[in-house]
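**Student:** Please work out how this folds:
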Amino acid sequence: EEQLVESGGGLVQAGGSLRLSCVVSGLTIEDYAIGWFRQVPGKEREGVSCFSDSDDMIYYSESVKGRFTISSDNAKNTVYLQMNSLKPEDTATYYCAAQYGRPSLGNWHVPMRYDYWGQGTQVTVSS
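**Tutor:** The predicted model follows:
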């Protein structure tokens with residue numbers, strides 16, 4: 001059974017850091033692109049970053065570029081999102097998701113392209 005489980009969320013002050021983890025089971029990172037998304041109530045789910053191991057591509061949204069870093073540990077089938085210089089506007093529920101194949105610059109951030117989703121982890125940044 002395919003499963004993605006996020007962890008690492010929490011409450012942090014502005015300027016602080018958190019590292020989110022996405023443990024993937026039932027599928028392999030080498031075959032799937034793993035994306036991080038976030039959502040606040042009443043707003044659409046927003047693509048934050050994506051890692052595609054098969055073509056060694058990484059994507060970031062403009063809002064997090066330079067502050068967030070996505071990485072993977074294939075031996076652990078885990079993808080991380082290191083979040084530095086956090087801002088109150090980063091407050092959201094963060095989800096990881098898996099998409100079979102290779103996304104592109106034009107579609108990595110589209111939620112409907114992803115096949116499997118985790119349950120989410122809450123990140124709250126206080127001012």
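
**Student:** What's the separation between the most centrally placed residue in the chain and residue 127?
**Tutor:** Using Cα atoms, centre = their mean, the residue of the chain that lies closest to the mean C-alpha position is residue 36, 1.8 Å off. Computed as Cβ to Cβ, to the nearest Å, the residue 36 to residue 127 distance reads 23 Å. To be clear about C-beta, it is placed using only N, CA and C from the backbone, and glycine gets the same treatment.

**Student:** need the contact list for the residue nearest to the centre of the chain.
**Tutor:** Taking Cβ atoms under 8 Å, 6 or more residues apart in numbering as the criterion, residue 36 is in contact with 20, 22, 47-50, 70, 79, 81, 94-97.

**Student:** Which parts of this structure are strands?
**Tutor:** Secondary structure of the chain, counting by DSSP state E: strands at 3-7, 10-13, 18-25, 32-39, 46-52, 57-60, 68-73, 78-83, 92-100, 116-117, 121-126.

**Student:** For those strands, give me TSV that also has mean pLDDT and distance to residue 106.
**Tutor:** Rendered in TSV, the data for those read as follows (pLDDT from 0 to 100; distance: least, Cβ to Cβ, whole Å):
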stretch	mean pLDDT	distance to residue 106
strand 3-7	98	24
strand 10-13	98	32
strand 18-25	98	23
strand 32-39	98	14
strand 46-52	97	11
strand 57-60	97	10
strand 68-73	97	18
strand 78-83	98	21
strand 92-100	97	13
strand 116-117	98	21
strand 121-126	98	27
